[in-house]
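*Asks:* please work out how this folds:
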Amino acid sequence: MKEPLKYIVFEYLSGRANPLERQLAEDWLKKTENSETFHQWLLEWETRSPQFIPDQEKAMSRLFDRINQDDQNTDIEPDENISFIQSLNATRIRKYGLIAASVLVLVCWGWFSRDMILYKTFETEYGKTTRIYLEDGSRVALNANSRLKIPRFGFYGDVRNVILDGEAEFSISHTIDHKRFVVKTSDSFQVEVLGTQFSVFARPRGTKVALSRGKIRIDYDQGSEKKQLLMKPGDLVTLEKTGELKLTNDTDAKSFSAWKEQRFIFNATSVMEISAMIQENFGKKIVLSNDKIARRTITGNFKTENADELLKTISEVLDLKIETAGNVIVITDH
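*Replies:* All right, here's what the predicted structure looks like:
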């Protein structure tokens, strides 16, 4: 049944399907369990049926030449009233606006479709973690509110590339052909694996890399200059807002992946930083009533399954008051 169905899907994608074939293809596509097979067939169909790729610069040039020609062919008598000229200008503005919007939509849709086809995304909800086993034997522990993209059809070429947005711990397997493993967090920052186990934190408030075993290399941009930094076990690298890297030695790298065991390890950690961690991991918005509370610190090892348990522990240790107002949690002094 699979091969005839594949033929029907190909006919559907090419626009040649008859009404019955269209119905069969659409019914099949509605089932989520067929999503993976569809993406494989879609890539195969696009490979077999390369689409016409226009010369964009030439096409845009012809389009604007035609617009200008239309404008020149529009005769306006000197004594025509100003309202007509204003109307014509408004028409031109709408025309250029529609052109710009159309080009933007086409570019965005093309990139989105390509990204969706080439990569499979693993995503965790607030308060949830997961383990991912890659085809090369590598393992990834993905923290809450995080996303990991891996090649949908397997690693190919000389580099095993993955893309991380959030927080994860990687245990990388060596391959017989010595393929490099690269974790990319942005266009200007990536981690290349020369060893085995490390943690990466890549969230809006900053980027950190902690190495447990082996050796890794950081590739990053500082202004227009490309730089590299080698890390050894126990090293912690923090990407500063200035674009510079801060290297700290002899850290407990394992503490950066304590979330795997639903533990939070604080070492003179400020309430402000803890509030950011709770928002990142549990999706709870925290408001601190004053700067004095924000600067207070706590040290300890806390095991918790949810934000309420962690907040209760912190409030008892620091003698703070926790109040809930809708979706916002307010921390105040007693």
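
*Asks:* quick check: phi and psi at the nearest residue to Arg205 once chain neighbours are set aside.
*Replies:* Of all residues not flanking Arg205 in the chain, Ala276 sits nearest, at 5.8 Å (Cβ to Cβ, 6 or more residues apart in numbering). (Glycine included, C-beta is placed from N, CA and C.) Ala276 adopts backbone torsions of phi -70, psi -40, taken as degrees, to the nearest 10.

*Asks:* what's the neighbour count on Ala276?
*Replies:* 16 (other Cβ atoms under 10 Å).

*Asks:* wait, it sits on Pro204?
*Replies:* No - applying Cβ atoms under 8 Å as the test, Ala276 and Pro204 come out as separate, 9.4 Å apart.

*Asks:* hang on, Gly300 packs against Glu316?
*Replies:* No - with contact defined as Cβ under 8 Å, Gly300 does not count as touching Glu316 (11.4 Å).

*Asks:* which residues does Ser138 contact?
*Replies:* When contacts are counted by Cβ atoms under 8 Å, 6 or more residues apart in numbering, Ser138 touches 160, 170-173, 181.

*Asks:* and the nearest residue to Phe189 once chain neighbours are set aside, helix, strand or coil?
*Replies:* Computed as Cβ to Cβ, 6+ apart, the closest residue to Phe189 that is not its neighbour in sequence is Tyr220, at 4.8 Å. With DSSP: H, G, I helix; E, B strand; the rest coil as the basis, Tyr220 sits in strand.

*Asks:* quick one: neighbours of Tyr220, just the number.
*Replies:* Using other Cβ under 10 Å, Tyr220 has 21 other residues around it.

*Asks:* please begin residue numbering at 759 from this point
*Replies:* With 759 as the first residue, the last one maps to Tyr978.

*Asks:* quick one on the thing from earlier: and the contacts of Ser896, which two are furthest apart?
*Replies:* Spatial extent of the contacts of Ser896 (Cβ to Cβ) is set by the pair Arg918 and Ser929 at 13.4 Å.

*Asks:* in terms of neighbours, single out the busier of these two.
*Replies:* Arg918 (23 against 16).

*Asks:* can you pull the phi/psi pair for the more buried one?
*Replies:* Main-chain dihedrals, Arg918, degrees, to the nearest 10: phi -90, psi 100.

*Asks:* same check on Thr1071?
*Replies:* When read as degrees, to the nearest 10, the backbone of Thr1071 gives phi -60, psi -50.

*Asks:* in the host helix or strand of Ile1032, which residues are buried?
*Replies:* Using DSSP states H and E, Ile1032 falls within helix 1029-1040. Going by neighbour count (16 or more other Cβ atoms under 10 Å), the buried part of helix 1029-1040 is 1029, 1032-1040.

*Asks:* domain parsing of the chain, as residue ranges.
*Replies:* Recorded structural domains for the chain (assignment: automatic domain parsing) are 760-806, 814-876, 890-1013, 1020-1091.

*Asks:* so how far is the first one off the chain centroid?
*Replies:* In terms of Cα atoms, centre = their mean, to the nearest Å, the centre of domain 760-806 is found 28 Å from the chain centre.

*Asks:* sorry, back to before: what is the nearest of the contacts of Ser896 to Lys1012?
*Replies:* Among these, and counting by Cβ to Cβ, the member closest to Lys1012 is Ser929, at 12.4 Å.
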